[in-house]
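> Have a look at this prediction, sequence included:
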Amino acid sequence: MSNFNAQVKGIPGLKRIEEFSRDQMGELCVEETRSVYPHEQIYGPYCTIEEYINCPPSDVFEYLADVYSLEEWTWSTRGLVEGDEPGLVVGWDRLADDTKIFCRTISNKDAMTVDYHCAWDQGKQLWMIYLMRVVPAQLVLGKPGSVVIWSNCHHPNYDKNPHPETAPKDRETWVGDLWPFFYAGHVVEMQNLKKILEHRHAKGQTIRPWKTTSSPAPMQAAMCK
Amino acid sequence: MTPISLKAIASEFPKTVQPNDFFGDEERRPTGGMFRGASLRHHMEPGQTAVELICAATQKIQDQVGGDLASEIDIILTNVSLPDLPFTGCGAEVAKSLGAKPMWVFDLHNHGCVSFISMMSLAQSLMTTSNAKKALICNVQTAGGRIFADQELRKEPQAAVPGDGCGVALIEVGDERPIEHISVECFAENASDMQISSRDNRKWWEPGASQFQIDFSRAKVAKVIQRGNRLVPDIVNKACSGAGISTDEIGTLVTNQPNRIFLRNWREALQVPEDQHVDTFEEHGNLFGAGIPVCIERAEKEGKLEDDSYLVLGGFSHAGDYAASAVIRWKATS
């Protein structure tokens, strides 16, 4: 059996019950529990949002893991088609003029995680990473359906475009200029996701209609802006 | 520092009132966010001057305090958003019209929406280092009628927001209604984020056919909102702390009046109930620097300022280049 207490001894700054008492912890918790928190403190370095969706976790995962779902539930990602490399898709982010968005989807069915690795303008460095996790609501909320957790991290590239040479001429907007609005924007998209999935689940409709129609969505959507 | 007091305050407005349908067009009515329009706002009339508004408001102060104010004024400080004349400023003309012989006259063109607080601080410095006893602090917002009434420009959503008006305060040496603490900070890193632009891309002093406007790109709007949300609660906290009070003790909060969103966010952040936060946005729009004195007068007239309560002022200017706050103990005056 390892001696856990001995193993961490000497690491500065830890607060563990052996040295940091219940009273001390209690005082700290009272001190750190505020009535209001500044926006930047909560959504500055990271932006995580979450929502309950009344749709089975397997369906939610299947929907999210198909990158073409972005055409439905995002506010502005449109016209996705396969890119030059396997698994890489490219479309338009209509948030700004003439702006291509590249995306590679990495999902794990067992963990029910779906990560969209994206970038504006170029597909070589996919640094805008949307981390999604689907959790069975039965486990965490005691009711059917899913909880979706969605995180973005404030990569330094949000503050400075690392590939300005790939940007369309005269485009004034850079995606990172809008970081302060990510919380609000992502809530809008999460609500779209919830409404689409709850509607289809409630009506017994197929979750990914583009898989069953004769002409698949990617072809219909040919690079239109 | 010499103790100073806010002795009296008054406002004056141009007669012209513009309703919302004066602005925008069928497809571009202002709908929300930063540029959500007020219902009404005053506009400077052609030929009307900031000097006239200041003198009219000063007459109201004279009526309140009695005596011969003009002969007692030692300091005149003004901030006019778009001055009557370039180069000269209007302080000396105000002195001339009032028949005053002040020892100090300064026309400040920076500090925008928080210039009332900055001018209080400047008056206190001048009173501390000289034998000056009484100061007139004059804010006039003129950009509504002078810029945003323009035939073309008023189609832009932002044109509906500015409203014109004037607030004048009399500051005196003494502790009758003491200004307990003033905090003013400059954030130089934000200095270049408000620009003006015109359709023909000219400099504003160059001849041309199109009016200029204040330029916020979409990216800048996000940054300015983030800054404003942070700067104002921060500076109010600092001023309260300097005055030795907690923000729970704010009796009345008066901020600049840029738009509804900021007003809501600031009072939420400071946990000041809505009825203790003065709001004149609906009928006056964004009065820039005149917003704070006009709101103080409003609070006084509505009986919001209870004896021995704390009146707390706060705001930020332009795109966040300055933030300022002041704590005033509102004592009953004899």
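Arrived safely.
> which residues in the chain form helices?
Picking chain A for this. Listed from the start of the chain, chain A has helices (DSSP state H) covering A:4-8, A:22-32, A:39-43, A:57-65, A:70-73, A:137-140, A:182-202, A:217-220.
> could you do chain B instead?
Under the criterion DSSP H, helices of chain B are mapped to B:50-65, B:69-72, B:91-98, B:115-129, B:143, B:218-243, B:260-270, B:281-284, B:291-301.
> Tell me how far the nearest residue to B:Ala56 once chain neighbours are set aside lies from chain A.
When the adjacent residues along the chain are set aside, B:Ala56 lies closest to B:Glu12, with 4.2 Å between them (Cβ to Cβ, 6 or more residues apart in numbering or on different chains). For the C-beta atoms, the positions are set from N, CA and C on the backbone; glycine is no exception. Separation of B:Glu12 from chain A (Cβ to the nearest Cβ, to the nearest Å) stands at 37 Å.
> Kindly report the same for B:Leu77.
Looking at B:Leu77 against chain A, where the rule is Cβ to the nearest Cβ, the gap reads 33 Å.
> so that residue sits right up against B:Gly91, yeah?
Yes. At 7.2 Å, B:Leu77 and B:Gly91 qualify as touching, with contact defined as Cβ atoms under 8 Å.
> what do those two both touch?
Here B:Leu77 and B:Gly91 have B:Val105, B:Phe106, B:Asp107, B:Cys138 as joint contacts, going by Cβ atoms under 8 Å, 6 or more residues apart in numbering or on different chains.
> Just the pLDDT for the residue nearest to B:Gln18 when sequence neighbours are not counted.
Excluding its sequence neighbours, the residue lying closest to B:Gln18 (Cβ to Cβ, 6+ apart) is B:His43, at 5.2 Å. At B:His43 the predicted local distance difference test score is 98.
> Kindly report the same for the one 4 residues further on.
If you check B:Gly47, the pLDDT there is 94.
> so what's the backbone phi/psi at it?
The main-chain torsion angles of B:Gly47 are listed as degrees, to the nearest 10 and equal phi 90, psi -20.
> Distance of it relative to B:Leu82?
With distances defined as Cβ to Cβ, to the nearest Å, the gap from B:Gly47 to B:Leu82 amounts to 14 Å.
> who's more crowded, these two?
Neighbours were tallied for B:Gly47 and for B:Leu82 using other Cβ atoms under 10 Å in any protein chain shown; the higher tally belongs to B:Leu82 (19 against 6).
> for the more buried one, what are its contacts?
By Cβ under 8 Å, 6+ apart, the neighbours of B:Leu82 are B:Thr142, B:Ala143, B:Arg146, B:Ile147.
> if you set the cut-off to 6 Å instead, what comes out?
By Cβ atoms under 6 Å, 6 or more residues apart in numbering or on different chains, the contact set of B:Leu82 is B:Thr142, B:Ala143, B:Arg146.
> And the pLDDT at the spatially closest residue to B:Asn229 that is not a sequence neighbour?
Nearest non-adjacent residue to B:Asn229, counting by Cβ to Cβ, 6+ apart: B:Asn265, 5.1 Å away. Per-residue confidence for B:Asn265 comes out at a pLDDT of 94.
> what about the residue in chain A that chain B sits nearest to, neighbour count?
Using Cβ to the nearest Cβ, A:Asp177 is the residue of chain A that sits closest to chain B, at 3.2 Å. When counting by other Cβ under 10 Å, one arrives at 20 neighbours for A:Asp177.
> go on, A:Lys195?
12.
> for A:His39, same thing?
Residues lying near A:His39 (other Cβ under 10 Å) number 17.
> which residues does the closest residue to chain A within chain B contact?
Nearest residue of chain B to chain A: B:Ala219, at 3.2 Å (Cβ to the nearest Cβ). Residues counted as contacts of B:Ala219 (Cβ under 6 Å, 6+ apart) are A:Thr173, A:Asp177.
> From the centroid of the chain, which residue is nearest?
I'll assume chain A. For chain A, the residue nearest the mean C-alpha position is A:Tyr130 (3.4 Å; Cα atoms, centre = their mean).
> nope, chain B
Within chain B, one residue has its C-alpha closest to the average C-alpha position: by Cα atoms, centre = their mean, that is B:Gly289, at 1.9 Å.
> pretty sure it is in contact with B:Asn79, am I right?
Yes. Under the contact definition of Cβ atoms under 6 Å, B:Gly289 touches B:Asn79, with a separation of 4.8 Å.
> Quick check: neighbours shared by these two?
Listed contacts common to B:Gly289 and B:Asn79 are B:Ser115, B:Asn139; contacts here mean Cβ under 6 Å, 6+ apart.
> circling back to that earlier point, with adjacent residues omitted, what lies nearest to the residue of chain A closest to chain B?
Closest residue to A:Asp177 in three dimensions, ignoring its sequence neighbours and counting by Cβ to Cβ, 6+ apart: B:Ala219, at 3.2 Å.
> Over to B:Glu172?
On the basis of Cβ to Cβ, 6+ apart, the spatially nearest residue to B:Glu172 that is not a chain neighbour turns out to be B:Lys7, at 4.6 Å.
> Isn't that neighbour up against B:Ala169?
No. Here B:Lys7 does not reach B:Ala169: they are 7.9 Å apart, not a contact under Cβ under 6 Å.
> could you give the mean pLDDT of stretch B:152-160?
87.
> What are the buried residues along it?
Residues of stretch B:152-160 classed as buried under the neighbour-count rule (16 or more other Cβ atoms under 10 Å in any protein chain shown) are B:Leu153, B:Arg154, B:Glu156, B:Pro157, B:Gln158, B:Ala159, B:Ala160.
> how about JSON lines for these, with distance to chain A added?
Written out in JSON lines, the entries for these read as follows (distance: Cβ to the nearest Cβ, whole Å):
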{"residue": "B:Leu153", "distance to chain A": "20"}
{"residue": "B:Arg154", "distance to chain A": "24"}
{"residue": "B:Glu156", "distance to chain A": "17"}
{"residue": "B:Pro157", "distance to chain A": "18"}
{"residue": "B:Gln158", "distance to chain A": "17"}
{"residue": "B:Ala159", "distance to chain A": "21"}
{"residue": "B:Ala160", "distance to chain A": "23"}
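> B:Cys240: which of those is nearest?
If you rank these by distance to B:Cys240 using Cβ to Cβ, B:Gln158 comes first, at 32.4 Å.
> List the residues that contact residue 150.
Picking chain A for this. Taking Cβ under 6 Å, 6+ apart as the definition of contact, the neighbours of A:Trp150 are A:Ile49, A:Met132.
> oops, chain B please
Listed by Cβ under 6 Å, 6+ apart, the contact partners of B:Asp150 are B:Gln211.
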